[in-house]
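Chemist: predicted coordinates and the sequence they were generated for:
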Amino acid sequence: MRRSDEPLLRRLRRLDFCREATAVEPITSGITNHNFVVRTGSDAYVARIGPARPLLGIDRRNEVVCHQAAGVWGLAPEVVHHEDGLLIIRFVDGRALEPADVRAPQQLERLAGLLRHLHGAWDTLVGEVLYFCPFQTIRTYAHSVAALAAERPADLPVMLEDVRRLSRRIEPFRPVLCHNDLMPANLIDDGQRLWLVDWEYAGVGHPLFDLANASANAALDEDQDRAFLAAYRHPAEVVPRELAEMTIFKTASLLREALWATIQAVVSEIDFDYRRYADANFEAYRQARSRLKSTP
């Protein structure tokens, strides 16, 4: 345990079940919050300490509602405790995926099935849930980047105008609950099934954005995108329009991630090279955009 973690841990130790903890171990891989594994005899939990983050669009009340719904559907670990800035969930004894894992055909099929289950439960969702639109998020992040006077590429205004035009190529759709942050590390494989964690950006939105977001974060190629969408729509066939929209969302996902990192480079206290991460995503956006058909 790092000495710098001790103030954060005092709050955990005020909880009855954490008071009996036999071990509290920091998880150092997170780039948004402070996370710990708390072991209490035969039980284990993950404790996440992090306030609401309006600049990133994180609303903790909304997160809990979405996570609890996914838990009811068997897709996310149980929420054990939550209060202002603190979330504790059951620990899943498994391995966080890497991008190469997601690209494996069998894993893509498993992920497609998980997302089909999540999106298919739209008509059982209860509770007040925020709406998520990647294009609105991009605009809002860009506004925050300007307000923070953060370092940003000179061609950002061109990107924003271009993505506005791209958004008009998305046809009407049925809104569903989406995760919206499908980093490989947010997928835990316990050897039998996949679990989805980190519901900070979840909300009601477009199902194809979840597929596109997963694709962008795992660097899927065009053939893998088609196979992913086919597995998700199984047994229905892939509709060319949906594949085209997924490609648009994939481009938007990369720009959103670049702007997220640009904000974090200014406001985050976590030791991580957000500037380099932002630059990599801006470049990935440009490459993805160049592969799209020209926009009128």
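Modeler: Nice, I can see it.

Chemist: looks like Phe132 contacts Asn180 (just checking).
Modeler: Yes: using Cβ atoms under 8 Å, Phe132 is in contact with Asn180, at 5.3 Å. Glycine gets a C-beta too; all of them are placed from N, C-alpha and C.

Chemist: what is in contact with those two at once?
Modeler: The contact sets of Phe132 and Asn180 overlap at 201-203, 205, 209 (Cβ atoms under 8 Å, 6 or more residues apart in numbering).

Chemist: so which strand or helix has the nearest residue to Leu182 once chain neighbours are set aside?
Modeler: Computed as Cβ to Cβ, 6 or more residues apart in numbering, the closest residue to Leu182 that is not its neighbour in sequence is Ala214, at 3.9 Å. Element membership of Ala214, judged by DSSP states H and E, is helix 207-218.

Chemist: what packs against that helix?
Modeler: The elements that helix 207-218 packs onto, with contact taken as 3 or more Cβ pairs under 8 Å, 6 or more residues apart in numbering; DSSP states H and E, are helix 99-103, helix 105-120, strand 176-178, helix 222-233, helix 240-267.

Chemist: list the buried residues for the first one?
Modeler: Meaning helix 99-103. Buried residues in helix 99-103, counted by 16 or more other Cβ atoms under 10 Å: 101-103.

Chemist: please enumerate the strands of this protein.
Modeler: Ranges of strands within the chain are 23-27, 34-40, 43-49, 79-83, 86-90, 95-96, 176-178, 187-189, 194-196, 203-205, based on DSSP state E.

Chemist: which one of the ones you listed lies closest to Ala142?
Modeler: When the strands of the chain are compared for distance to Ala142 using Cβ to Cβ, the nearest one is strand 203-205, at 18.8 Å.

Chemist: show me what that closest one is packed against.
Modeler: Counting contacts by 3+ Cβ pairs under 8 Å, 6+ apart, strand 203-205 packs against strand 176-178.

Chemist: partner strands of the strand it packs on and their direction?
Modeler: strand 203-205 (antiparallel) (DSSP bridges).

Chemist: now do the contacts for the nearest residue to Ser144 once chain neighbours are set aside.
Modeler: In this structure, Ser144 finds its nearest non-sequential neighbour in Leu55, 5.1 Å apart by Cβ to Cβ, 6+ apart. Taking Cβ under 8 Å, 6+ apart, we find Leu55 in contact with 144, 148, 263, 267.

Chemist: still on that earlier bit, what is the nearest of the buried residues of helix 99-103 to Val126?
Modeler: Val102 (30.6 Å).

Chemist: right, and that closest one touches Ala112 too?
Modeler: No: counting by Cβ under 8 Å, Val102 sits too far from Ala112 to count as a contact (10.8 Å).

Chemist: buried ones in stretch 23-35, by neighbour count?
Modeler: In stretch 23-35, counting by 16+ other Cβ under 10 Å, buried: 24, 26, 31-35.

Chemist: actually stretch 146-165, not the one I typed
Modeler: 150, 152-153, 156, 159-160, 162-163.

Chemist: the residue nearest to His82 when sequence neighbours are not counted: neighbour count?
Modeler: Nearest residue to His82, sequence neighbours excluded (Cβ to Cβ, 6+ apart): Val64, at 5.0 Å. Neighbour count of Val64, defined by other Cβ atoms under 10 Å: 17.

Chemist: kindly report the same for Arg241.
Modeler: Around Arg241 there are 11 residues (other Cβ under 10 Å).

Chemist: my guess is it meets Glu171, correct?
Modeler: Yes: shown here, Arg241 and Glu171 form a contact pair, counting by Cβ under 8 Å, at 6.9 Å.

Chemist: circling back: so for the residue nearest to Leu182, what's the pLDDT?
Modeler: pLDDT, Ala214: 98.

Chemist: how many residues are close by it?
Modeler: Neighbour count for Ala214, taken as other Cβ under 10 Å: 27.

Chemist: so it touches Arg110, yeah?
Modeler: No: Ala214 lies out of contact with Arg110 (Cβ under 8 Å); the separation is 11.6 Å.

Chemist: what residue is smack in the middle of this structure?
Modeler: Asp181 (1.1 Å; Cα atoms, centre = their mean).

Chemist: thought Asn213 was touching that residue, still the case?
Modeler: Yes: if you go by Cβ under 8 Å, Asp181 and Asn213 touch, sitting 7.1 Å apart.

Chemist: output the below-cut-off pLDDT ranges for the stretch 1-150 of the chain.
Modeler: Within the stretch 1-150 of the chain, the segments meeting pLDDT under 70 span 1-9, 22.
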